[in-house]
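A.B. asks: Predicted model and sequence below, questions to follow.
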Amino acid sequence: MTVIGIDDTDSRERGMCTTYLAARVAARVREEGGAVERQVLVRLNPAIEHKTRGNAALAIHTDLDVEGALGVARETVEALAVTDDPRTNPGVVVAPDGAISEPVIDFARRAVRERLTIDGARRLIGAWEYRHADWKESRGLIGALAAVGAWAAFDEWTCEYIAYREAHRRGTPREVDHESVFAAADWGYPTAWDTVDRDEGSSVCVPRAPGPILYGIRGDDPDVVRGVADRIESEPVERTGIFVTNQGTDAHLREGSVGELRDGRAYRVAGTVSTQPETRRGGHVFFSLEDGDASLACAAFEPTKRFRERVRALRVGDRLAVCGEVSDGTLKLEKFAVRDLVRTESAVPSCPDCGRSMESAGRDQGYRCRDCGTGRDGKIERAIERDLKPGWYEVPPCARRHIARPLVRGGFDAPIHPER
């Protein structure tokens, strides 16, 4: 078996999509008489500044020989990649799967959680004598090598069914019947997830960016995602592809501690809310989390929509686990778990006779009712109602990162409160 890794062939402004290019490579492989065992879509570190929206690299597993596979991949990249975009720097790596070593597998794991270098990729490619091709600054070699090692690097996989537009329609508004999308989403849920965002009324599976994708259906079962796609009414489809992927797995998260986090990585970290959530200009909500003497700024940005109401409901003293990417010392919240809620607050006592609030009797003299003369030594603890419950809360589907695990998939250590 031969593995073809491909990355960095698309453009933020001019479209194209590496998944589409990979689907075209797979088609060419079949035309050359080869079989395609699987197509792998691996989401790499979402904090990398060079990425397009999803930071995807692709791998095609085939029985075509290495030289034939390299030729097919190179020709397809040269025909389709948006190399006139200065930020597009494609790379292709081809290897026999029997030669995929532990260092390459480790490289794939690290590519999802760290910042890696072109030189580091080149050293591994050279050490294992992998065939490769690269263009311009060659940044795509990083993702291409990670894609080669990905199948052996991760244990958990989901799937995505992608429908692609006919070439002459690209750049025009997508013709998709949104009522059929919502009905299909209901049919497939929860096995197929993040198809729509019901509160926002949006078809999450239909992209807004330019490019060849018409829609993409994510889920845990290939038959179910196909079934969802079959129920969507839309413009004609040029081709489809189904990919195994690390989407929806939280593979990017590492365990961390407040005070020991690094920018450009994503973490799961525990602490106690130390400042009341504050809504700032633009609708972004910030609070601080502390653990011992260390403090961490956490933020729910405006695109997370209703999730910000969950964050605003936090109080100083609540104990949490938070998940997200760290940038400029701030953790961008993807989800959080309430471990323990503050249930009482200090309050001025009320008079037991007349029910009025008592007033301060002077410094260190407690409180006294002006009318009745009754007194108390100090404030009381009063029970408060909370809008939150113990368990996990998440951003809505419209704001979810591709790699982030939706709560509905399960596997969490506390009750879940999923968004739809």
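C.D. replies: Sure, I can see it.
A.B. asks: Contacts for the helix or strand bottoming out on mean pLDDT in the chain, please.
C.D. replies: Ranking every helix and strand in the chain by mean pLDDT, DSSP states H and E puts strand 375-376 at the bottom, with a mean of 74. Applying Cβ atoms under 8 Å, 6 or more residues apart in numbering, the contact partners of strand 375-376 are 349, 358, 361, 366-369. Bear in mind the C-beta positions are built from the backbone N, C-alpha and C, glycine included.
A.B. asks: Return the subset of these lying in strands.
C.D. replies: 367-368 (DSSP state E).
A.B. asks: Report the buried members of the contacts of strand 375-376.
C.D. replies: 349, 358, 367-369 (16 or more other Cβ atoms under 10 Å).
A.B. asks: okay if I get the residues you listed as TSV plus distance to Asn55 and pLDDT?
C.D. replies: Shown next, in TSV, are those (distance: Cβ to Cβ, whole Å; pLDDT from 0 to 100):
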residue	distance to Asn55	pLDDT
Pro349	57	71
Met358	59	73
Tyr367	59	79
Arg368	64	78
Cys369	64	76
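A.B. asks: Go through these and say which is closest to Tyr20.
C.D. replies: Proximity of the buried ones among the contacts of strand 375-376 to Tyr20, judged by Cβ to Cβ, is greatest for Pro349, which lies at 68.2 Å.
A.B. asks: thought that closest one was touching Thr374?
C.D. replies: No: at 9.2 Å, Pro349 does not count as touching Thr374 under the criterion of Cβ atoms under 8 Å.
A.B. asks: Now do the buried residues in the strand ranked longest in the chain.
C.D. replies: Counting residues, the longest strand found in the chain (DSSP E) is strand 330-340. Residues of strand 330-340 classed as buried by neighbour count (16+ other Cβ under 10 Å): 330-339.
A.B. asks: Also stretch 127-142?
C.D. replies: 128, 130-142.
A.B. asks: cool, stretch 22-40 as well?
C.D. replies: Here stretch 22-40 shows 22-26, 28-29, 34, 36, 38-40 as buried, counting by 16+ other Cβ under 10 Å.
A.B. asks: Show me which pair in those residues is furthest apart.
C.D. replies: That would be Arg28 and Val40, which, of those, are the farthest apart (Cβ to Cβ) at 17.2 Å.
A.B. asks: mind listing what Val112 touches?
C.D. replies: Per Cβ under 8 Å, 6+ apart, neighbours of Val112: 42-45, 146, 246, 251-252, 403.
A.B. asks: Then Val244?
C.D. replies: If you count contacts by Cβ under 8 Å, 6+ apart, Val244 has them with 38-41, 157-159.
A.B. asks: repeat for Ile384
C.D. replies: Shown in contact with Ile384 (Cβ under 8 Å, 6+ apart): 342-345.
A.B. asks: Relative to Gly391, which of the buried residues of stretch 22-40 is nearest.
C.D. replies: Val40 (32.8 Å).
A.B. asks: which residue packs closest to the closest one, ignoring adjacent ones?
C.D. replies: Ranked by Cβ to Cβ, 6 or more residues apart in numbering and with sequence neighbours excluded, the top spatial neighbour of Val40 is Ala59, at 4.1 Å.
A.B. asks: hey, what's that neighbour bridged with?
C.D. replies: Gly5, Val40 (DSSP bridges).
A.B. asks: quick one: it from Asp119, how far?
C.D. replies: 22 Å (Cβ to Cβ, to the nearest Å).
A.B. asks: The two: which has the busier surroundings?
C.D. replies: Each of Ala59 and Asp119 has its neighbours counted (other Cβ atoms under 10 Å); Ala59 has more, 29 against 10.
A.B. asks: how close does the more buried one sit to Asp250?
C.D. replies: Here the criterion is Cβ to Cβ. By it, Ala59 lies 21 Å from Asp250.
A.B. asks: Where does the record place the domain boundaries for this protein?
C.D. replies: For the chain, automatic domain parsing gives the domain ranges 2-153, 158-245, 253-343+385-417, 344-383.
A.B. asks: most tightly surrounded among those?
C.D. replies: domain 2-153 (a mean of 21; mean count of other Cβ atoms under 10 Å).
A.B. asks: what distance separates that domain from the centre of its chain?
C.D. replies: Distance of domain 2-153 from the chain centroid (Cα atoms, centre = their mean, to the nearest Å) equals 20 Å.
A.B. asks: end-to-end on that domain?
C.D. replies: 16 Å (Cα to Cα, to the nearest Å).
A.B. asks: for the record, mean pLDDT for that domain?
C.D. replies: The average pLDDT for domain 2-153 rounds to 92.
A.B. asks: Checking my notes, Gly98 in a helix, right?
C.D. replies: Yes: assessed with DSSP: H, G, I helix; E, B strand; the rest coil, Gly98 lies in a helix.
A.B. asks: Look up the closest residue to it, ignoring the ones flanking it.
C.D. replies: Here the residue nearest Gly98, using Cβ to Cβ, 6+ apart, is Met1, at 7.8 Å.
A.B. asks: what does Asp84 give?
C.D. replies: Arg14 (7.9 Å).
A.B. asks: For that neighbour, list the residues it contacts.
C.D. replies: Shown in contact with Arg14 (Cβ under 8 Å, 6+ apart): 82, 84-85, 210.
A.B. asks: Return the member of those residues nearest to Asp230.
C.D. replies: The closest of the contacts of Arg14, once distances to Asp230 are taken by Cβ to Cβ, is Pro210, at 26.0 Å.
A.B. asks: beta partners for the residue lying closest to that closest one once chain neighbours are set aside?
C.D. replies: Closest residue to Pro210 apart from its sequence neighbours, by Cβ to Cβ, 6+ apart: Gly15 at 3.8 Å. Bridge pairing for Gly15 (DSSP bridges) gives the partners Ser11.
A.B. asks: ok, Gly15 to Pro277 distance?
C.D. replies: From Gly15 to Pro277 the distance is 39 Å (Cβ to Cβ).
A.B. asks: Could you do Gly329 as well?
C.D. replies: 18 Å.
A.B. asks: what do you get for Pro46?
C.D. replies: Taking Cβ to Cβ, one finds Pro46 at 24 Å from Pro277.
A.B. asks: ok so Arg123 is a helix residue?
C.D. replies: Yes: counting by three-state DSSP, Arg123 is located in a helix.
A.B. asks: Contact partners for Arg122?
C.D. replies: If you count contacts by Cβ under 8 Å, 6+ apart, then Arg122 has 138, 141 around it.
A.B. asks: Alright, I will stop here.
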